[in-house]
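Student: Predicted model follows, preceded by the sequence.
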Amino acid sequence: MRARMFSLTLAASLGLTLAACSEDVVPELQAPTVPEYAPPALSEIQIQDILADIAASIEAADEADDAAELGDRVTAPATDIREAQYALEVATGGETTPQELWTETDLDVITASDSWPRSLLAVTEPDADSALRLYLGIVQEGPRDPYRLVAWSLLLPGVETPTFADISVGSAPVTADQEGLVMTPTQALTRLADVLDLRTSEYADQFADDDYRTFLREELDGIVEGIEVAGDVDQAVEPGEIVFAIGTAEGGALVMGDLTTTVTLRRTVEDSELNLAGEMAELGGEEAVENAAEATYRSMVTLYIPPADAEDQSVRLLGAERVLASVERIE
């Protein structure tokens with residue numbers, strides 16, 4: 001059996017792992033009034049066929065440690081994250097391995113739509129060894145395109161998955177600039193990047209507290225402490241795009257997007273020695289850094305955005321996946 005890389009594991013000195021609790025319960029689907037816009041896009045049999053095809057593609061790629069084997073059933077940013085995980089596995093000599101992905105589900109959610117793109121959200125059953133669950137965001141861009149996995153994330157500890165319309169009814173499609181929410185999906189991803197980057201972000205009170213934010217802050221604190229005798233650390237978090245979105249039963253939205261985080265370690269103290277550690281050293285080399293080193297992390301996140309009239313207006317981070325994608329020396 002392959003060893004698993006829990007990609008929320010921090011740089012060498014920290015070792016904190018985020019795992020969804022086994023007591024977490026995926027909610028039952030509800031059947032609200034049948035929407036007027038369209039019938040559901042998929043049947044249960046079609047959903048299972050799609051998930052089986054995606055699972056086969058992932059299995060083939062994992063066996064070869066090659067993202068090219070993902071074929072036409074997985075696309076960016078999921079392919080980019082997987083490729084980075086394979087590269088990290090090679091660099092660490094197999095000590096760090098890609099996050100296990102599986103497609104046995106407790107909950108399937110589909111859009112009711114007569115146009116494209118069409119969305120399928122799959123919430124997996126708990127992993128037998130760790131009780132982890134996954135969100136799988138799957139999209140069909142056009143009528144002749146296959147449904148492709150565009151993003152996944154591990155559920156964070158204690159999260160409550162929103163309630164969705166019954167699969168026989170289908171859920172409302174959601175766009176990146178969707179109105180009627182406390183903020184658009186694009187705004188939510190952009191503001192989350194600001195919150196993750198700045199401890200004094202003006203948007204901090206718009207997001208519910210979560211373990212992931214604590215996890216990242218402790219990681220950065222550990223890096224700062226580890227090199228303070230030699231230099232300093234800068235961080236920048238940039239939002240990518242909303243790649244998946246689907247409506248919830250009460251008028252909110254579950255959305256998925258990607259983020260890029262750059263951590264720059266710079267030697268500023270004369271006659272000091274700045275060394276990389278852990279995964280950074282595996283990708284960037286163990287020799288002392290003369291000037292600076294830039295580590296780039298790629299992430300996928302899952303957010304819940306309440307409707308504009310919700311009593312609780314806080315956006316919630318439901319899941320995340322992250323990998324160290326590259327380390328470059330700046331001389």
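Tutor: The structure has been received and is ready for your questions.

Student: what's the longest helix in this structure?
Tutor: helix 44-64 (DSSP state H).

Student: Just checking the distance from that helix to the centre of its chain.
Tutor: Taking Cα atoms, centre = their mean, to the nearest Å, one finds helix 44-64 lying 19 Å from the centre of the chain it belongs to.

Student: Who are the packing partners of it?
Tutor: With contacts taken as 3 or more Cβ pairs under 8 Å, 6 or more residues apart in numbering; DSSP states H and E, helix 44-64 sits against strand 105-110, strand 118-124, strand 134-140, strand 148-155. No exception for glycine: its C-beta is placed from N, CA and C like everyone else's.

Student: Can you tell me which of these is most buried?
Tutor: Across the helices and strands packed on helix 44-64, averaging neighbours per residue (mean count of other Cβ atoms under 10 Å) puts strand 148-155 on top, at a mean of 26.

Student: quick one: average pLDDT of whichever helix or strand comes after it?
Tutor: Using DSSP states H and E, the helix or strand that follows strand 148-155 in sequence is helix 185-197. What helix 185-197 shows for mean pLDDT is 97.

Student: And for stretch 168-182?
Tutor: 95.

Student: How far does it sit from its chain's centre?
Tutor: Remark: stretch 168-182 is offset 20 Å from the chain centroid, using Cα atoms, centre = their mean.

Student: so how far does that stretch reach from one end to the other?
Tutor: 28 Å (Cα to Cα, to the nearest Å).

Student: Sort out which residues of it are buried, please.
Tutor: Residues of stretch 168-182 classed as buried under the neighbour-count rule (16 or more other Cβ atoms under 10 Å) are V169, G170, S171, A172, P173, V174, A176, Q178, L181, V182.

Student: Can you show me the helices along the stretch 201-331 of the chain?
Tutor: 211-227, 278-284 (DSSP state H, counting those that start in this stretch).

Student: for these, which one sits closest to P239?
Tutor: helix 211-227 (15.0 Å; Cβ to Cβ).

Student: just checking, what packs against the closest one?
Tutor: By 3+ Cβ pairs under 8 Å, 6+ apart, helix 211-227 packs against helix 185-197, strand 231-247, strand 253-267, strand 316-330.

Student: Please identify which of the helices of the stretch 201-331 of the chain is closest to V327.
Tutor: helix 278-284 (3.1 Å).

Student: what is the rounded mean pLDDT of the closest one?
Tutor: 95.

Student: Over to stretch 104-121?
Tutor: 94.

Student: before we move on, back to that, of the helices and strands packed on helix 44-64, which is nearest L259?
Tutor: With respect to L259, and counting by Cβ to Cβ, the nearest of the helices and strands packed on helix 44-64 is strand 148-155 at 11.2 Å.

Student: Need the CA coordinates for the closest one. PDB is fine.
Tutor: The C-alpha trace of strand 148-155 is given here as PDB (Å, rounded to 0.1, in the frame of the first residue of the first chain):
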ATOM      1  CA  ARG A 148     -13.300  16.300 -15.500                       C
ATOM      2  CA  LEU A 149     -11.900  16.500 -12.000                       C
ATOM      3  CA  VAL A 150     -10.900  20.200 -11.700                       C
ATOM      4  CA  ALA A 151     -10.100  20.400  -8.000                       C
ATOM      5  CA  TRP A 152     -10.200  18.400  -4.700                       C
ATOM      6  CA  SER A 153      -9.600  19.200  -1.100                       C
ATOM      7  CA  LEU A 154      -9.500  17.500   2.300                       C
ATOM      8  CA  LEU A 155     -12.300  18.400   4.600                       C
END
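
Student: re the thing from before, take the helices and strands packed on helix 211-227 and write them to JSON lines, including mean neighbour count.
Tutor: Listed next are the helices and strands packed on helix 211-227 as JSON lines, based on neighbours: other Cβ atoms under 10 Å:
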{"stretch": "helix 185-197", "mean neighbour count": "21"}
{"stretch": "strand 231-247", "mean neighbour count": "19"}
{"stretch": "strand 253-267", "mean neighbour count": "23"}
{"stretch": "strand 316-330", "mean neighbour count": "21"}
